[in-house]
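Peer 1: what would the 3D arrangement of this be:
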Amino acid sequence: MLDLRPVLYTLGSLVLMLAGGMFVPVLFDLLAGNPDWEIFVLAAFLSASVGGMFMLANRGTGDALNLRQAFLLTFLAWAALPAFAALPLAFSELNLSYTDAYFEAMSGLTTTGSTVITGLDDAPPGILMWRALLQWFGGIGIVVMAVAVLPMLQVGGMQVFKAESFDTVEKILPRAGQISGVISGVYVALTALCMFAYLVAGMGAFDALAHAMTTIATGGFSTSDASMGKFDSFSIDMLSTLFMIVGSIPFILYLQVLRGRPLALWRDEQVRGFLQLVFFLCVSVVAWLMVWKGFSLPEAVRFGIFNIISILTGTGYSTIDYSQWGSFSATLFFMVMFIGGCAGSTSCGIKIFRFQVLLKSMKSWIDHILQPNGVFIARYNGRPIREDVRNSVMSFLTLFLGSFLVLSLAIAATGTDWITAFSSAGTALANVGPGLGEDVGPAGTFGGLSDAAKWLMSLGMLAGRLELFSVLVLLSPRFWRA
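Peer 2: Here you go, the predicted model:
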């Protein structure tokens with residue numbers, strides 16, 4: 001029988017850490033004289049009590065997890081933490097239902113960026129900081145999971161990075177825990193650098209801190225209903241674009257750069273492919289806006305580049321309602337949201353490397369068809385692509401498409417129109433943020449959806465963030481057998 005004690009012990013420690021994080025918005029509310037600080041203290045006490053009981057009840061059970069326990073912990077952590085993170089939101093002056101609060105917390109921790117809240121400009125500072133913190137915590141959690149957990153679980157082809165990540169860094173930092181610690185340091189440093197850049201560009205200190213956390217996390221939560229459009233600044237838009245790209249590059253490569261290998265970023269095939277795609281999309285959107293929409297070059301650069309990168313990286317910021325640009329832009333943005341950034345980053349979506357593995361495998365198959373006696377080996381970063389990696393990638397892409405269709409139908413069954421249903425399902429699974437249309441587009445929120453649709457989207461955000469297999473494997477009866 002599956003031993004749950006190590007899982008519950010580790011889960012308790014995570015809940016305890018989340019409770020500690022609740023005291024950060026307490027400080028901001030106290031400084032602003034807002035009474036919501038009492039809500040955060042109460043929520044922290046309740047969360048710490050539950051987390052502490054889990055740890056005390058299961059202490060001495062060891063911290064070594066087997067494969068099945070790792071799968072279960074991964075799911076439980078990302079499902080349970082939003083339940084506790086939702087408490088301050090549910091009992092704050094925003095008067096959110098628990099469904100809305102859980103949706104918001106799930107969107108934050110999975111760095112999706114979809115929101116049900118309006119009136120952010122007048123919201124308490126503690127709530128705004130808590131939303132930013134959730135995305136910041138979720139971002140580093142995603143990076144650590146991609147480096148230390150998903151390769152071990154062999155989810156969706158992620159095992160291709162097990163050798164590459166640890167063969168190059170293991171000589172410097174022997175254990176995954178040490179790597180995770182140093183990556184966390186890099187994460188903090190990049191956040192501080194982003195905040196400083198925002199300050200120089202003219203943001204206030206509070207806005208700069210909150211947006212720096214959600215930019216590096218490629219999360220997209222803002223302190224204003226107008227998102228980045230609030231600041232109406234070309235320099236802020238371009239800085240945000242730069243740091244969204246920075247957050248979408250594998251953080252483990254930054255370690256190699258710090259260790260004296262500045263070309264490590266460009267030599268990585270996934271990063272090269274991502275940057276080439278960024279360049280192609282930016283040039284295409286700018287040219288299209290100038291030729292077909294009559295934008296001037298500065299306007300096309302500012303609005304086109306920022307918004308397409310925001311969707312590609314899964315950040316979800318917006319400066320303009322790009323859904324008003326016409327059907328072509330809506331279709332392009334809808335397709336781009338599924339691509340995402342690089343594995344090992346805070347970005348989301350299917351990930352660039354999976355498309356690269358698919359294309360390379362297809363090329364080798366076509367070459368073999370043309371020359372049956374030839375030997376054609378598909379390579380990724382100079383190494384042969386193993387058969388299990390190919391199968392995992394193909395299985396993931398098939399499962400992603402199937403999950404998208406099922407989730408779309410389920411959301412539509414709640415009474416939502418088809419455009420909203422499809423875009424809501426896509427933005428949930430791809431962890432992007434805004435959808436399409438007037439209701440859930442960049443100028444709207446998800447607050448108008450039914451409670452059933454919000455719970456379905458919460459499940460979609462969870463499944464998408466955990467790369468689908470980490471969730472669906474728990475539905476197999478074989479998983480629970482001894």
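Peer 1: output the lowest mean pLDDT helix or strand found in the protein.
Peer 2: helix 160-169 (a mean of 48; mean pLDDT, DSSP states H and E).
Peer 1: could you identify the helix or strand that succeeds it?
Peer 2: The helix or strand immediately downstream of helix 160-169 is helix 176-201, counting by DSSP states H and E.
Peer 1: strands of the stretch 151-300 of the chain, start to end?
Peer 2: Per DSSP state E, counting those that start in this stretch, the stretch 151-300 of the chain carries no strands over any range.
Peer 1: and the stretch 351-482 of the chain, by the same measure?
Peer 2: For the stretch 351-482 of the chain, the strands defined by DSSP E, counting those that start in this stretch cover 379-380, 383-384.
Peer 1: check whether Phe91 really touches Ile39, as I assumed.
Peer 2: Yes: with contact defined as Cβ atoms under 8 Å, Phe91 counts as touching Ile39 (4.9 Å). Placement of C-beta: from N, CA and C, glycine included.
Peer 1: higher neighbour count, these two?
Peer 2: Ile39 (24 against 18; other Cβ atoms under 10 Å).
Peer 1: list the contacts for the more buried one?
Peer 2: Leu87, Pro88, Phe91, Ser92 (Cβ atoms under 8 Å, 6 or more residues apart in numbering).
Peer 1: quick one, phi psi at the residue in the chain sticking out farthest from the centre?
Peer 2: Relative to the centre of the chain, the most outlying C-alpha is that of Asn373, 44.1 Å out, by Cα atoms, centre = their mean. In terms of degrees, to the nearest 10, the main-chain angles of Asn373 are phi -90, psi 0.
Peer 1: and what of the one 4 residues further on?
Peer 2: The main-chain torsion angles of Ile377 are listed as degrees, to the nearest 10 and equal phi -110, psi 120.
Peer 1: repeat that for Asn58.
Peer 2: phi -120, psi 20.
Peer 1: isn't it right up against Ser13?
Peer 2: No: between Asn58 and Ser13 there is no contact under Cβ under 8 Å: 10.1 Å.
Peer 1: these two: which is more packed in?
Peer 2: Asn58 (19 against 15).
Peer 1: contacts only, for that one.
Peer 2: With contacts defined as Cβ under 8 Å, 6+ apart, Asn58 is in contact with Arg5, Pro6, Leu8, Tyr9, Gly12.
Peer 1: and the second one, which of the three is it?
Peer 2: Here Pro6 takes the helix state, with states given by DSSP: H, G, I helix; E, B strand; the rest coil.
Peer 1: ok, it - how many residues close by?
Peer 2: 19.
Peer 1: touching, it and Leu65? I think so.
Peer 2: Yes: using Cβ under 8 Å, Pro6 is in contact with Leu65, at 5.7 Å.
Peer 1: tell me the most buried of the strands of the stretch 351-482 of the chain?
Peer 2: Ranked by mean neighbour count, those are led by strand 379-380 with a mean of 15 (mean count of other Cβ atoms under 10 Å).
Peer 1: other SSEs contacting that strand?
Peer 2: Strand 379-380 sits against helix 352-370, with contacts defined as 3 or more Cβ pairs under 8 Å, 6 or more residues apart in numbering; DSSP states H and E.
Peer 1: buried residues in the helix it packs on?
Peer 2: Using 16 or more other Cβ atoms under 10 Å as the test for burial, helix 352-370 gives Ile352, Phe353, Arg354, Phe355, Gln356, Val357, Leu358, Lys360, Ser361, Ser364.
Peer 1: quick one: contacts for the residue nearest the centre of the chain?
Peer 2: Central residue of the chain (Cα atoms, centre = their mean): Thr111, 4.0 Å from the mean position. With contacts defined as Cβ under 8 Å, 6+ apart, Thr111 is in contact with 135, 138-139, 142, 217-220, 314, 346, 348, 431, 465.
Peer 1: which of these sits closest to Thr74?
Peer 2: Arg465 (10.0 Å; Cβ to Cβ).
Peer 1: find the nearest non-adjacent residue to the closest one, please.
Peer 2: Excluding its sequence neighbours, the residue lying closest to Arg465 (Cβ to Cβ, 6 or more residues apart in numbering) is Thr110, at 4.0 Å.
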